[in-house]
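A.B. asks: predicted structure and sequence below. I'll ask about it afterward.
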Amino acid sequence: MAIASIPSLYRSTVGKKAIMAVTGVLMVLWLIGHMVGNLKIFFGLEEFNGYAAWLRTLGAPALHEGWFLWVMRFGLLAAVVLHFSTAAELTVRAKRARPVKYQHRAKVNGSYAARTMRWGGVIILLFIVWHILDLTVGTVNPHGVHGEAYQNVVAGFAPDRWYITLFYVLAVVSLGFHLRHGLVSAVQTLGLKNPRQDKALNVIATGFAALITVGFLIVPISVTLGVVD
Ligand code: HEM
């Protein structure tokens, strides 16, 4: 049997789905780290800002300050761009395969999930742009001081800015749905799915997505409710 070359694998639908699965898994690993790091806010200003400073000096003295962070940022950006562009290509391909619209669009799970994934993905992307301007660059944050992550979070989700927290809730819940469906799809694409374990896979994916959603949202909600100030 001939082994497919890398370019032909890249062009194939299966290859594109594998790219989505692998970049998705990498982003999930990063998300787990980010969520756990955020929870340090409950241990106070010094511990949270100390953790943010540690991220900048990771790899020292072999690496100069900030280098690790930049490698991580470029890796993450590459994963986001590949994930999003491959999703767009797969959508175009699916539309080309069926140029005539269905007269009566059957309400099958597949098309509903695909639409949710598309819109969810767009909401998450817009959220990331806002979030970086808010808590990394600081331009849309009332405090917005570089290196003062704790004060930026507390100012950003202050009680009178409840609408920002609401926007975060919408985005992170979208992320939760995206993760749940994405995880099941990734397991399927990577050939790890066993039909006898469908139910277990759904339960695990739902539980994991719920954990990530709650783990992220507990921070802005606690600030808005005045539990963290
Ligand atoms: C909802 C609760 C969240 C909180 C409280 C939070 C908090 C933060 C903070 C404080 C920073 C800046 C870190 C620093 O200054 O060193 C940051 C950066 C970032 N966050 Fe979040 N985050 C949340 C959710 C998310 C989610 C759901 C995503 C992705 C979907 C995300 C993606 C990012 C990215 C990409 C960065 C930039 C990392 C960098 O380049 O330094 N965050 N976040």
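C.D. replies: Perfect, thanks for sending it. Residues are numbered from 1 along each chain as shown.
A.B. asks: out of the helices and strands in the chain, which is least certain?
C.D. replies: helix 6-11 (a mean of 81; mean pLDDT, DSSP states H and E).
A.B. asks: and the chain, which of its residues are near the ligand?
C.D. replies: 34, 38, 52, 55, 69, 73, 124, 128, 131-132, 135-136, 149, 153, 168, 172, 175, 216-217, 219-220 (C-beta under 6 Å from any ligand atom). Glycine gets a C-beta too; all of them are placed from N, C-alpha and C.
A.B. asks: on that earlier part again, tell me what whichever helix or strand comes after the least confident helix or strand of the chain is packed against?
C.D. replies: Remark: after helix 6-11, the chain's next helix or strand is helix 13-38, criterion DSSP states H and E. For helix 13-38, the packing partners by 3 or more C-beta pairs under 8 Å, 6 or more residues apart in numbering; DSSP states H and E come out as helix 6-11, helix 67-97, helix 162-189, helix 198-224.
A.B. asks: quick check: angle from the last one to helix 13-38?
C.D. replies: Angle between the axes of helix 198-224 and helix 13-38 is 40 degrees (criterion: axes from the mean of the first three to the mean of the last three C-alpha atoms, to 10 degrees).
A.B. asks: pull out the buried positions in helix 198-224.
C.D. replies: Going by neighbour count (16 or more other C-beta atoms under 10 Å), the buried part of helix 198-224 is 201, 205-206, 208-209, 212-213, 215-224.
A.B. asks: list phi and psi for residue 58.
C.D. replies: Backbone geometry at residue 58, expressed as degrees, to the nearest 10, gives phi -60, psi 130.
A.B. asks: burial count for it?
C.D. replies: Neighbours of residue 58 under the rule other C-beta atoms under 10 Å: 14.
A.B. asks: touching, it and residue 68? I think so.
C.D. replies: Yes: the criterion here is C-beta atoms under 8 Å, and residue 58 meets it with residue 68 at 4.2 Å.
A.B. asks: could I get the average pLDDT for stretch 112-125?
C.D. replies: For stretch 112-125, the mean pLDDT works out to 85.
A.B. asks: before we move on, the earlier item: of the residues of the chain next to the ligand, grab the buried ones for PyMOL.
C.D. replies: Buried residues within those, by 16+ other C-beta under 10 Å, are selected in PyMOL with:
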select buried, resi 38+52+124+131+135+149+153+168+172+175+216+217+219+220
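A.B. asks: below-threshold pLDDT in the protein: ranges please.
C.D. replies: When residues are selected by pLDDT under 70, those of the chain lie in 1-4, 98-111.
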